[in-house]
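J.: Following is a predicted model, sequence given first.
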Amino acid sequence: MITIEKQYSLLSHNTFGFNVKTDTFIEYSSTDDLKQILCDKELLNGPYLHIGSGSNLLFTSDYKGTILHSKIQGIEVTENTNDYVLVKVGAGVEWDNFVAHCVSQGWAGVENLSLIPGEVGASAVQNIGAYGVEAKDLITQVDAVEIATAKECVFSNAECNYSYRQSIFKSELKNKFIVTYVTYKLSKNAAFNLEYGNIKAELEKYPEISLATIRQAIIAIRDSKLPDPKIEGNAGSFFMNPIIPRSQFMELQKQFPGIPFYDIDEDRVKVPAGWMIDKCGWKGKTLGHVGVHSKQALVLVNKGNATGDEIVNLSREIQASVKKLFNIEIHPEVNFIS
Ligand code: EPU
């Protein structure tokens, strides 16, 4: 089914909670619907943008064009062995519903990614990650439709060129393909991933370690640090964690011995932007209608009635102070849309 709305409010389609409008809003529920839309040159004759659940978008004004949104549903087992299942999931399935389904079936892999806002299509574009797991570790195949030709294409994991919060769909093939299905490989012999941060400490509160309690622990950790977008508009981590040369990191470590870090490879180190923003004194600060979350400095929040431009201005001030104190440039993970 295809639905088309005019002068449509995007309030429920962006987690910052901005009441911006789009000229046209189109939703579709199958690959065939999508192909039909792409072939209709009158429907898509101006600028357009495909969104997920809007948990990584910052609208700075009304959108003068067409916004597309997938409602493709379905969680289908395509291969089932003693050790693993392959599960083909519709791009419009809410990410956390998929995680809950996997946990209830005893399929391991995505439990550390519990409660990440967004939809399955975006998980493959954005390579979402948290608590030591990234979507790229589990994706085997991405089905997509080419925008220019309306042809269906299949990408293997290797063809997606994944790295930290990056994929081919955000770089070389940006705005060239729309993801319709993502296939995940989940394990039946659960090898839990408990090394990151305070997962083990949180799990001590539970009687056993299982997929269900790991999910509960991750949800508890997220709830304690990240603001609920229904109460305070936000888009999760606003900036990506910068990856810097190890030589530069060693110099920084002399100046800031407690600096947290993650090894990328021999030559590179990832530094938490949240820690640097915190060190610059931003945590918990409010500037007019916007602010920096009091429990996680990587999250910028709409304190009520904010505009996208106010968030942009705050983010620029933060970037400048991180540059001044650490000589490191940090870049938004959130996409600015005008
Ligand atoms: N830290 C501070 N102060 C802060 C925030 C963090 O000192 O205000 C320190 C923490 O104590 C810790 C380090 O910085 O030593 C890292 O913090 P945390 O574990 O909270 O993770 P992060 O690097 O800030 C990343 C992801 C999150 C994900 C968490 C957990 C990015 C951009 N963000 O944040 O993803 O949930 O790890 O794995 O990679 C998201 O993308 O929206 C998101 C929330």
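T.: Sure thing, it's come through.
J.: Now for the closest residue to Asp263 other than its chain neighbours: which residues touch it?
T.: Among residues not flanking Asp263 along the chain, Val269 sits closest, at 6.1 Å (C-beta to C-beta, 6 or more residues apart in numbering). From N, CA and C alone the C-beta is placed, and that goes for glycine too. For Val269, the contacting residues are Ile243, Ile244, Pro245, Arg246, Phe249, Phe261, Tyr262, Asp263, by C-beta atoms under 8 Å, 6 or more residues apart in numbering.
J.: Alongside the ligand, which residues does the stretch 101-250 of the chain contribute?
T.: Ala130, Tyr131, Tyr196, Gly197, Leu226, Gly236, Ser237, Met240, Asn241 (C-beta under 6 Å from any ligand atom).
J.: Now do the SS call for the residue in the chain that the ligand sits nearest to.
T.: Nearest to the ligand in the chain, going by C-beta to the nearest ligand atom, is Gly236, at a distance of 2.4 Å. Of the three states, Gly236 takes coil under DSSP: H, G, I helix; E, B strand; the rest coil.
J.: Same question for Lys200.
T.: Three-state assignment for Lys200 (three-state DSSP): helix.
J.: my hunch is that Cys153 is in a helix, does that hold up?
T.: No: assigned with three-state DSSP, Cys153 falls outside any helix and is strand.
J.: May I ask you to confirm that Glu152 is in contact with Phe177?
T.: No: judged on C-beta atoms under 8 Å, Glu152 makes no contact with Phe177 at a distance of 10.1 Å.
J.: Just the C-alpha atoms of stretch 148-164, please, in CSV.
T.: Backbone C-alpha positions of stretch 148-164 (Å, rounded to 0.1, in the frame of the first residue of the first chain) are rendered in CSV as follows:
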residue,chain,number,x,y,z
ALA,A,148,17.7,5.7,-10.6
THR,A,149,16.5,2.4,-12.2
ALA,A,150,14.1,0.9,-9.6
LYS,A,151,16.0,-2.3,-9.9
GLU,A,152,16.4,-4.7,-7.0
CYS,A,153,20.0,-5.4,-5.8
VAL,A,154,21.6,-7.6,-3.1
PHE,A,155,24.7,-6.6,-1.2
SER,A,156,26.9,-9.0,0.7
ASN,A,157,28.3,-7.9,4.1
ALA,A,158,31.7,-7.2,2.4
GLU,A,159,30.1,-5.1,-0.3
CYS,A,160,28.6,-2.8,2.3
ASN,A,161,32.1,-1.6,3.3
TYR,A,162,31.3,-1.4,6.9
SER,A,163,33.3,0.5,9.5
TYR,A,164,32.4,2.5,12.7
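J.: And the residue of the chain closest to the ligand, its phi and psi?
T.: Backbone torsions for Gly236, taken as degrees, to the nearest 10, come to phi 60, psi -150.
J.: Who are the contact partners of it?
T.: Thr15, Ser55, Asn56, Ile116, Pro117, Leu226, Val299, Glu333.
J.: can you rerun that using 7 Å?
T.: Neighbouring residues of Gly236 by C-beta atoms under 7 Å, 6 or more residues apart in numbering: Ser55, Pro117, Leu226, Val299.
J.: From those residues, list the buried ones, please.
T.: Ser55, Pro117, Leu226, Val299 (16 or more other C-beta atoms under 10 Å).
J.: where in the stretch 201-338 of the chain is pLDDT low?
T.: Across the stretch 201-338 of the chain, nothing is flagged by pLDDT under 70.
J.: All the strands of the stretch 151-300 of the chain, residue numbers only.
T.: 152-156, 177-187, 233-234, 243-245, 262-263, 268-270, 286-287, 290-292, 300-302 (DSSP state E, counting those that start in this stretch).
J.: hey, where'd the helices end up in the stretch 51-200 of the chain?
T.: Assignment of helices within the stretch 51-200 of the chain using DSSP state H, counting those that start in this stretch yields the ranges 95-105, 120-126, 199-203.
J.: Check the burial of Glu251 by counting its neighbours.
T.: If you count neighbours by other C-beta atoms under 10 Å, Glu251 ends up with 13.
J.: cool, and the one 3 residues further on?
T.: By other C-beta under 10 Å, the residues close to Lys254 number 8.
J.: buried residues in stretch 158-168?
T.: By neighbour count with 16+ other C-beta under 10 Å, stretch 158-168 contains the buried residues Cys160, Asn161, Tyr162, Arg165, Gln166, Ser167, Ile168.
J.: same check, this time on stretch 133-146
T.: 133-145.
J.: Lys21: which of those is nearest?
T.: Val145 (26.6 Å; C-beta to C-beta).
J.: check contacts around that closest one.
T.: Val145 neighbours (C-beta under 7 Å, 6+ apart): Thr31, Leu34, Lys35, Leu38, Lys151, Glu152, Phe177, Ile178, Thr180.
J.: with the residues you listed in mind, which one is nearest to Asp96?
T.: Nearest to Asp96 among these, with distances taken as C-beta to C-beta, is Thr180, at 20.0 Å.
J.: OK, contacts around that closest one?
T.: Thr31, Leu34, Ile72, Ala91, Asp143, Ala144, Val145.
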